[in-house]
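Chemist: missing the sequence, but the structure's below:
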């Protein structure tokens, strides 16, 4: 990653509303860490596909995983992908239709996806994935079997060619429109985590552990 | 759109966990209507890009818009795109790491994006956009200017080649794992809409209208 507000490549340089762009590591990482859902773009037979999945970060790399039989993963491996994470923070209501907008934080990462091939490394990454996306679970689960590990593909790429774009705050109206008696403002939106729901097949006496009550998105 | 559970094309046929697939119009439309944020995939210089934006539906077509100068929109027009909408409904905590999952509803639409070129049609679509994404606003705003309309590009495509994939409910563990004394269940997640925040530049006496208190995502 290059220094703040210098795009690491022309491909990921934010062109529209470039004052909302950030390229520094801290900003990019913070957005990735705040939202596990990502959308991965890849090309099959010359046309684009966008598949939602979960991502997690380990240092300067982003990881995602799925079934080894998945078309999305097989088509992404060893080729150009684009991984985008978006957090909706609010609806921005201006005095003109034109200046209506949304508050959001988004990251786009371009690069070549690489498959984790070493079984021991894959096992470590999957453990990290569970600890990050489902904190508190790993130590209480039964061990992963070799068959399960084999059925799982882990892809990753460096977070080098990345840009963040953030729109915070109030509407930005045309100066003369501030004289209009029209309400403007923001309706904030966030992810709400509800109390855990027990699997009806839980054994008698098995109750929801602490980590299910403290779960946070990201 | 074809009849339920027959994929309209091989390109959008859900291959993994195909029991979670749906291809009927009602299911696809309901997911689009429930989540305005979408991710559009397109190709520039042979590599994929994924850009978040807002979508809205009019009958059997999906629409999105942006600055006429936007690279995403200019690169998407008249070419193959993939528009994906994803709603995260919960974290699924199983008895094994392998069966951890998320509950979600997702739609993928493939097709060729077309620009709305007729100015009157564009004006109508932008009004529909505001009424759907910011209900209650249109009638109280100042009129859109020809310059604003010109600065805005509206793209659309038919919702023909589309698939939905839905994962609801409890973990699906290996049968023998149900004997383990491990808590399993779901942590539901949803979008929370908070009370409106006034723009500090609102004129004195201008208060948040009803539509800002009844706002719902989708």
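Modeler: Structure's in. What do you need? Every value quoted in this text rests on a predicted model; they were computed, and no experiment measured them. Numbers count the residues shown, from 1 in each chain, chains lettered A, B, ... in the order given.

Chemist: Does residue A:157 lie in a helix or a strand, and which?
Modeler: Residue A:157 belongs to strand A:152-158 when assigned by DSSP states H and E.

Chemist: Repeat that for residue A:105.
Modeler: Counting by DSSP H and E, residue A:105 is part of strand A:101-112.

Chemist: what lines up beside that strand in the sheet?
Modeler: Strand A:101-112 sits in its sheet next to strand A:80-93 (antiparallel), strand A:161-167 (antiparallel), going by DSSP bridges.

Chemist: what's the angle between it and strand A:152-158?
Modeler: Orientation check (axes from the mean of the first three to the mean of the last three C-alpha atoms, to 10 degrees): strand A:101-112 against strand A:152-158 gives 100 degrees.

Chemist: sorry, back to before: determine which stretch of the strands paired with strand A:101-112 is the most buried.
Modeler: Among those, the stretch with the highest mean neighbour count (mean count of other C-beta atoms under 10 Å in any protein chain shown) is strand A:80-93, at a mean of 24. All C-beta atoms are positioned from the backbone trio N, CA, C, and that covers glycine.

Chemist: now that one: how far from the chain's centre is it?
Modeler: Strand A:80-93 sits 8 Å away from the centroid of its parent chain (C-alpha atoms, centre = their mean, to the nearest Å).

Chemist: With stretch A:125-136 instead?
Modeler: 15 Å.

Chemist: quick one: contacts of that stretch?
Modeler: A:36, A:54, A:56-58, A:63, A:65, A:116, A:137-138, A:141, A:144, A:149, A:152, A:154, A:156, A:209-212, A:214-215, B:91, B:93, B:97, B:100 (C-beta atoms under 8 Å, 6 or more residues apart in numbering or on different chains).

Chemist: Just the ones of those residues in helices?
Modeler: Mapping the contacts of stretch A:125-136 onto helices (DSSP state H) picks out A:149, A:210, A:211, A:212.

Chemist: and the last one, what is it in contact with?
Modeler: Listed by C-beta under 8 Å, 6+ apart, the contact partners of residue A:212 are A:136, A:196, B:93, B:183, B:185, B:187.

Chemist: Please pull out the lowest mean pLDDT helix or strand from chain A.
Modeler: When each helix and strand of chain A is scored by mean pLDDT, DSSP states H and E, helix A:71-76 comes last, with a mean of 88.

Chemist: Do that helix and chain B come into contact?
Modeler: Yes. Applying C-beta under 8 Å from any C-beta of the partner chain, one finds helix A:71-76 in contact with chain B at residue A:71.

Chemist: again with stretch A:113-122
Modeler: No. Stretch A:113-122 lies out of reach of chain B by C-beta under 8 Å from any C-beta, never closer than 10.9 Å.

Chemist: Determine how far the last residue of that stretch lies from the first.
Modeler: Taking C-alpha to C-alpha, to the nearest Å, the first and last residues of stretch A:113-122 lie 15 Å apart.

Chemist: Ok, stretch A:192-205 next?
Modeler: 28 Å.

Chemist: Kindly report the same for stretch A:177-186.
Modeler: Start-to-end, stretch A:177-186 (C-alpha to C-alpha) is 17 Å.

Chemist: residue ranges with poor pLDDT in chain A?
Modeler: A:1-4 (pLDDT under 70).

Chemist: show me where it has strands.
Modeler: For chain A, applying DSSP state E gives strands covering A:21-22, A:37-44, A:47-58, A:61-67, A:80-93, A:101-112, A:114-115, A:152-158, A:161-167, A:185-193, A:197-198.

Chemist: coming back round to it: what's the closest of the strands paired with strand A:101-112 to residue B:169?
Modeler: Nearest of the strands paired with strand A:101-112 to residue B:169, taken as C-beta to C-beta: strand A:80-93 at 25.1 Å.

Chemist: Compute the inter-axis angle for the closest one and strand A:61-67.
Modeler: 100 degrees.

Chemist: any idea how far residue B:201 is from the residue with the largest distance to the centre of chain A?
Modeler: The C-alpha centroid of chain A is most remote from residue A:179, which lies 39.6 Å away (C-alpha atoms, centre = their mean). According to C-beta to C-beta, to the nearest Å, residue A:179 and residue B:201 sit 10 Å apart.

Chemist: what residues are up against the residue nearest to residue A:61 when sequence neighbours are not counted?
Modeler: Residue nearest to residue A:61 in three dimensions, not counting chain neighbours: residue A:156, with 5.0 Å by C-beta to C-beta, 6 or more residues apart in numbering or on different chains. Applying C-beta under 8 Å, 6+ apart, we find residue A:156 in contact with A:58, A:61, A:62, A:63, A:64, A:113, A:114, A:116, A:125.

Chemist: Same question for residue A:85.
Modeler: A:31, A:32, A:35, A:37, A:38, A:39, A:55, A:106, A:107.

Chemist: which of these has the most neighbours?
Modeler: Within the contacts of residue A:85, most neighbours by other C-beta atoms under 10 Å in any protein chain shown means residue A:107, with 29 neighbours.

Chemist: I figured that residue hits residue A:31, correct?
Modeler: Yes. Between residue A:107 and residue A:31 there is a contact at 4.6 Å, judged by C-beta atoms under 8 Å.

Chemist: Name the residues contacting each of these two.
Modeler: With C-beta under 8 Å, 6+ apart, residue A:107 and residue A:31 have common neighbours A:85, A:164.

Chemist: What's the local residue count around the closest residue to residue A:163 other than its chain neighbours?
Modeler: Leaving aside its chain neighbours, residue A:163 sits nearest to residue A:12 (4.2 Å; criterion: C-beta to C-beta, 6+ apart). Counted with other C-beta under 10 Å, residues neighbouring residue A:12 total 21.

Chemist: So what's the residue count around residue A:67?
Modeler: For residue A:67, using other C-beta under 10 Å, the count is 15.

Chemist: who's in contact with it?
Modeler: Applying C-beta under 8 Å, 6+ apart, the residues near residue A:67 are A:73, A:151, A:152, A:153, B:16.

Chemist: how about the third one, what does it touch?
Modeler: It refers to residue A:152. Applying C-beta under 8 Å, 6+ apart, the residues contacting residue A:152 are A:65, A:66, A:67, A:68, A:122, A:126, B:98.

Chemist: Now that we have those residues, which of them are buried?
Modeler: Buried residues within the contacts of residue A:152, defined by neighbour count using 16 or more other C-beta atoms under 10 Å in any protein chain shown: A:65, A:66, A:122, A:126, B:98.

Chemist: Selecting buried members of the contacts of stretch A:125-136 in ChimeraX, what would you type?
Modeler: Per 16+ other C-beta under 10 Å, the buried members of the contacts of stretch A:125-136 correspond to this ChimeraX selection:
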select /A:36,54,56,57,63,65,116,137,138,141,144,149,152,154,156,211,212,215 /B:91,93,97,100
